[in-house]
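1. please find the sequence and the predicted model below.
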Amino acid sequence: MTSNDRSQQKALPQYMQIAEDVRNKIRVGLLQVDDPVPSASALCEQYGVSMITSKKALQVLQSEGLVYSVPGKGTYVAEMNVMLRTMPYRHFEQDERTYVREAGRAGRTPHAEHATHTEKASDWVARRLDIEAGEEVTTTTYKISADDRPMSMSVSWEPLRITGGTVIEHPHEGPHGNHGLNARFRAIGWTVSQIEERLIVRQPTTSEASELSIPPGVPVMEIRQTVRATEGDSDDLVPVEAADIIFPTDRYEFVYMMDRPK
C-alpha cells in the first residue's frame with residue numbers, strides 16, 4: 001500500500017475502512033463463497049470500534065451483494081451471481097423482453113407475474129408521456145423473479161392514443177405478447193429511438209421490502225424510464241412508454257455503455 005493509499009484510507013469513515021478490508025479478503029480469495037464473515041462483535045474487537053460502526057460495515061457489504069445473513073447463525077460470503085442490466089444496447093438490439101435476456105445471460109430461469117388494466121393518466125404519468133392528464137393509458141404492473149428469487153418490480157404506462165385498437169394494445173396478448181418494446185412497437189410502424197433513465201438510490205418502502213424480500217440495510221435502485229419512438233419517416237420523438245422500476249441493489253449490477261456522439 002502506497003502512502004497515497006494510506007492517506008485515502010485514513011480519510012474514509014471507519015465502517016468503510018472495515019468494509020474495504022473484508023472486501024479485499026473476498027477478492028483475493030482469503031474468504032471463499034459460504035465462508036463465515038467475522039460477526040459485528042468480532043469486528044468491534046478486531047478494529048476497536050463501536051457495535052454501530054461494525055454493523056454498518058456489514059450492511060455496506062450486504063448492500064453490495066458480497067455477503068448474506070442467516071438469522072440466528074451469522075454472515076457469510078455470497079456467491080457473486082448478480083444479474084447485469086446493460087444500457088442502452090439492450091433496448092435497440094433485442095426483441096425479447098429484457099428480463100428474459102438478463103436471466104438467460106446469468107444462466108437463470110425467469111418468471112414474471114403481471115397484471116394489466118386501463119386507467120386515466122395521473123398528472124405524474126401524463127407529464128412523462130407528454131399527454132393530457134385524464135387521457136387513457138394501459139397500466140401494467142410486474143414482479144420479476146429468477147430461480148424463484150424476487151429480482152425487481154415495476155409499473156409501466158403506454159398511451160392508448162398510440163396503441164389503442166392495434167395488435168399491441170394489450171402488452172401480453174396477441175401475436176406480440178411475448179415480445180419486448182422493440183418488436184411490439186415496430187409491428188405498428190414505430191421505431192424505439194431514445195431511452196431516458198433517471199436513477200434514484202434510496203431505502204425501500206415497507207411494501208417493497210416485503211414484496212422483494214429485501215434484507216435490512218440493502219437499498220433499492222429506482223429507475224424512472226421514458227421510452228421515445230419515431231413513426232415512419234418522421235424524426236419527431238414521441239413518448240410511447242413510461243415506467244418506474246425497483247431493483248434491490250444486492251441482486252443487480254448496472255452497466256452503461258456510452259459511445260462518443262457521431
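-> Now that the structure is in, tell me what you want to look at.

2. backbone dihedrals for residue 232, please?
-> Backbone torsions of residue 232, given as degrees, to the nearest 10, read phi 60, psi -130.

3. ok, it - how many residues close by?
-> 7 (other Cβ atoms under 10 Å). C-beta coordinates here come from the backbone N, C-alpha and C atoms, glycine included.

4. got it, and the one 10 residues further on?
-> Look at residue 242: counted by other Cβ under 10 Å, it has 24 neighbours.

5. tell me the contacts of it?
-> 125, 128-129, 156-157, 224-227 (Cβ atoms under 8 Å, 6 or more residues apart in numbering).

6. pull up the pairing partners for the strand or helix carrying it, direction included.
-> Using DSSP states H and E, residue 242 sits in strand 238-248. Its sheet considered, strand 238-248 pairs with strand 149-159 (antiparallel), strand 220-231 (antiparallel) by DSSP bridges.

7. how far off centre is it?
-> How far strand 238-248 lies from its chain's middle: 11 Å, per Cα atoms, centre = their mean, to the nearest Å.

8. immediately after that strand, which helix or strand?
-> Following strand 238-248 toward the C-terminus (DSSP H and E): strand 252-256.

9. excluding its backbone neighbours, what's nearest residue 224?
-> Leaving aside its chain neighbours, residue 224 sits nearest to residue 198 (4.4 Å; criterion: Cβ to Cβ, 6 or more residues apart in numbering).

10. residue ranges for the strands of this structure, please.
-> 36-37, 67-70, 74-77, 83-87, 110-120, 136-146, 149-159, 190-202, 220-231, 238-248, 252-256 (DSSP state E).

11. quick one: strands adjacent to the third one?
-> Taking DSSP bridges as the criterion, strand 74-77 sits next to strand 36-37 (antiparallel), strand 67-70 (antiparallel) in its sheet.

12. so can I have TSV of those showing distance to residue 43?
-> Output for these, formatted as TSV (distance: least, Cβ to Cβ, whole Å):
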stretch	distance to residue 43
strand 36-37	9
strand 67-70	12
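
13. re the thing from before, quick one, what contacts the residue nearest to residue 224?
-> Counting by Cβ under 8 Å, 6+ apart, residue 198 has contacts 223-225.

14. need the buried ones from the residues you listed selected in ChimeraX.
-> With 16 or more other Cβ atoms under 10 Å as the criterion, this ChimeraX line picks the buried residues out of the contacts of residue 198:
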select :223,225
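
15. looking at the contacts of residue 198, which is nearest residue 73?
-> Nearest to residue 73 among the contacts of residue 198 is residue 223, at 33.9 Å by Cβ to Cβ.

16. contacts for stretch 249-258, please.
-> Outside stretch 249-258, the residues that touch it by Cβ under 8 Å, 6+ apart are 62-65, 78, 82-89, 149, 151-152, 199, 201, 214-215, 218-221.

17. compare the mean pLDDT across the strands of the chain and name the weakest.
-> Set side by side, the strands of the chain give their lowest mean pLDDT on strand 83-87, at a mean of 75.

18. buried residues, stretch 217-235. List them.
-> Quick answer for stretch 217-235 (16+ other Cβ under 10 Å): 217-223, 225-230.

19. figure out how far that stretch is from the centre of its chain.
-> 13 Å.

20. dump that stretch to PDB, keeping only the CA atoms.
-> What follows is stretch 217-235, C-alpha atoms only, in PDB (Å, rounded to 0.1, in the frame of the first residue of the first chain):
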ATOM      1  CA  GLY A 217     -29.700  -2.300   5.200                       C
ATOM      2  CA  VAL A 218     -30.000  -3.000   1.500                       C
ATOM      3  CA  PRO A 219     -31.100   0.000  -0.600                       C
ATOM      4  CA  VAL A 220     -33.000  -0.100  -3.900                       C
ATOM      5  CA  MET A 221     -32.300   1.500  -7.200                       C
ATOM      6  CA  GLU A 222     -35.400   3.200  -8.600                       C
ATOM      7  CA  ILE A 223     -35.200   3.800 -12.300                       C
ATOM      8  CA  ARG A 224     -37.700   6.200 -13.800                       C
ATOM      9  CA  GLN A 225     -37.700   5.400 -17.500                       C
ATOM     10  CA  THR A 226     -39.200   7.100 -20.500                       C
ATOM     11  CA  VAL A 227     -39.000   5.400 -23.900                       C
ATOM     12  CA  ARG A 228     -39.400   7.600 -27.100                       C
ATOM     13  CA  ALA A 229     -40.000   6.400 -30.600                       C
ATOM     14  CA  THR A 230     -40.400   7.800 -34.100                       C
ATOM     15  CA  GLU A 231     -43.200   6.900 -36.500                       C
ATOM     16  CA  GLY A 232     -42.500   6.000 -40.100                       C
ATOM     17  CA  ASP A 233     -40.100   8.600 -41.700                       C
ATOM     18  CA  SER A 234     -40.700  11.200 -39.100                       C
ATOM     19  CA  ASP A 235     -37.900  12.500 -36.900                       C
END
